[in-house]
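> Could you work out the structure for the sequence below:
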Amino acid sequence: MSGVASGFTVIFIVVGIGYVLGRTRVLGDQAVTVLARMVFFVCTPALMITSLSSNDLSVVFSSTLAVAAITAVATGALYFAVVRLVWRRAVPDAVIGALSSSYVNSVNLGLPIAIFVLDDASFIAPLLLFQIMLYSPIALVTLDLTALDAAHRRSLWRTVATPVSNPIVIGGLIGLALSLAGIRLPEPVFSPLDMLGQASVPLALLAFGLSLTGVQVFAKGASPRRDTALAAAGKMAVMPALAYVLARWGFGMTGPALFAQVVIAALPTAQNVLVYATRYGRGEILARDSALVTTLLSIPIIALLAAVLA
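Residues are numbered from 1 along each chain as shown. Below is the predicted model:
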């Protein structure tokens, strides 16, 4: 438990520094964008290469992947069913809401929590690959078919292939290939990649702290409050509960493995959902508010999980 408390203390301090930097504008107006792009395009791909290339593939293709995938799909499907059948929301808005209730922030908070709280970055790799390689393409194809008219739709191949061009996925695939081939990168190559990878977590936490400044949530007359509340409940209550039940009684997990699985499910909504919503012009406020609400709720919820399960 002391290790968990220490891990959260590190996270709180760095996020707090990021928040102060945002309030004082020391880094300028584009700081969040620059740091986020650095994490996304450079540091996290490097971390994926170094961490996955030195791990056994059984760590990735494991029960962790199965639990993460099943809980995400089940939670998203439940949200979709409620808003479509009961509230009669349009399909594109229902898809964005379903993603808001089940698509995990596996980079900005997932990696720091995996490293400092779970003490193993490989816990995030299965979820990250599932979301980008399978979950995203399904959602994007659905949005292409329902949110865009024929003149603005991308080709099916381009839509499905988009996740493969994601630099984090490319880094993950390189790491998996190296691990599968049993290739160990030479030290002059591994060391700079490792250095960049180590920068991923602090930069992501600083960017997260910066992003918390000046954001209004649940704006009256603009925010779909009921939809946001349902998405937040699904993300922070239903998904962790499903993960606990499935991991413990479906896969027999106990101890640290069970704790890690539930913590992964309790991570907040990813910023990717807002990117998708903006791309298709549907559910932008829902995606933004869901991400902020679940982010604010995630830290006390994960701390509570640590007190109960760690």
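> Chain neighbours aside, what residue packs nearest to residue 70?
Nearest non-adjacent residue to residue 70, counting by Cβ to Cβ, 6 or more residues apart in numbering: residue 246, 6.1 Å away. Using the backbone N, CA and C atoms, a C-beta is placed for each residue, glycine as well.
> how about the helix or strand hosting residue 242: buried residues?
Take DSSP states H and E as the rule and residue 242 turns out to sit in helix 239-245. By neighbour count on 16 or more other Cβ atoms under 10 Å, the buried set for helix 239-245 is 239-240, 242-244.
> distance of residue 191 from residue 14?
Residue 191 sits 24 Å away from residue 14, going by Cβ to Cβ, to the nearest Å.
> Let's test this: mean pLDDT of the helix or strand residue 205 falls within, rounded?
Assigned by DSSP H and E, residue 205 belongs to helix 187-211. Taken as a whole, helix 187-211 has a mean pLDDT of 87.
> Remind me what that helix packs against, helices and strands.
helix 2-24, helix 31-38, helix 44-53, helix 110-116 (3 or more Cβ pairs under 8 Å, 6 or more residues apart in numbering; DSSP states H and E).
> C-alpha coordinates for stretch 10-24, CSV please?
What follows is stretch 10-24, C-alpha atoms only, in CSV (Å, rounded to 0.1, in the frame of the first residue of the first chain):
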residue,chain,number,x,y,z
VAL,A,10,4.4,11.5,-7.6
ILE,A,11,1.5,11.7,-10.1
PHE,A,12,-0.3,14.4,-8.0
ILE,A,13,2.9,16.5,-7.7
VAL,A,14,3.7,16.5,-11.5
VAL,A,15,0.0,17.1,-12.5
GLY,A,16,0.0,20.0,-10.0
ILE,A,17,3.1,21.5,-11.5
GLY,A,18,1.4,21.3,-14.9
TYR,A,19,-1.7,23.0,-13.6
VAL,A,20,0.4,25.8,-12.1
LEU,A,21,2.3,26.2,-15.3
GLY,A,22,-1.1,26.4,-17.1
ARG,A,23,-2.5,29.0,-14.8
THR,A,24,0.7,31.2,-15.0
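> And residue 104, its phi and psi?
phi -90, psi 140 (degrees, to the nearest 10).
> Touching, it and residue 110? I think so.
Yes - judged on Cβ atoms under 8 Å, residue 104 makes contact with residue 110 at a distance of 6.4 Å.
> which residues are common contacts for those two?
127, 264, 267 (Cβ atoms under 8 Å, 6 or more residues apart in numbering).
> do you know how far the last one is from residue 201?
Applying Cβ to Cβ, one obtains 14 Å for the distance of residue 267 from residue 201.
> These two: which has the busier surroundings?
residue 267 (28 against 25; other Cβ atoms under 10 Å).
> Any idea how many residues pack against the residue nearest to the more buried one when sequence neighbours are not counted?
Sequence neighbours aside, residue 104 is the residue nearest to residue 267 in space, at 4.5 Å (criterion: Cβ to Cβ, 6+ apart). Counted with other Cβ under 10 Å, residues neighbouring residue 104 total 28.
> low-confidence ranges in the protein?
Within the chain, the segments meeting pLDDT under 70 span 1-8, 55-60, 108, 121-122, 148-164, 166, 215-223, 310.
> Can you list phi and psi of the most centrally placed residue in it for me?
Closest to where the C-alpha atoms of the chain average out (Cα atoms, centre = their mean) is residue 105, at 1.9 Å. Torsion angles at residue 105 (phi, psi; degrees, to the nearest 10) stand at phi -80, psi 90.
> need the contact list for it.
Contacts of residue 105 by Cβ under 8 Å, 6+ apart are 267-271, 291, 295.
> quick one: which of the shared contacts of residue 104 and residue 110 sit in helices?
Judged by DSSP state H, helices contain the following of the shared contacts of residue 104 and residue 110: 127, 264.
> Out of the helices and strands packed on helix 187-211, which is closest to residue 144?
helix 31-38 (25.0 Å; Cβ to Cβ).
> Quick check: the gap between residue 66 and residue 234.
In terms of Cβ to Cβ, residue 66 sits 20 Å off from residue 234.
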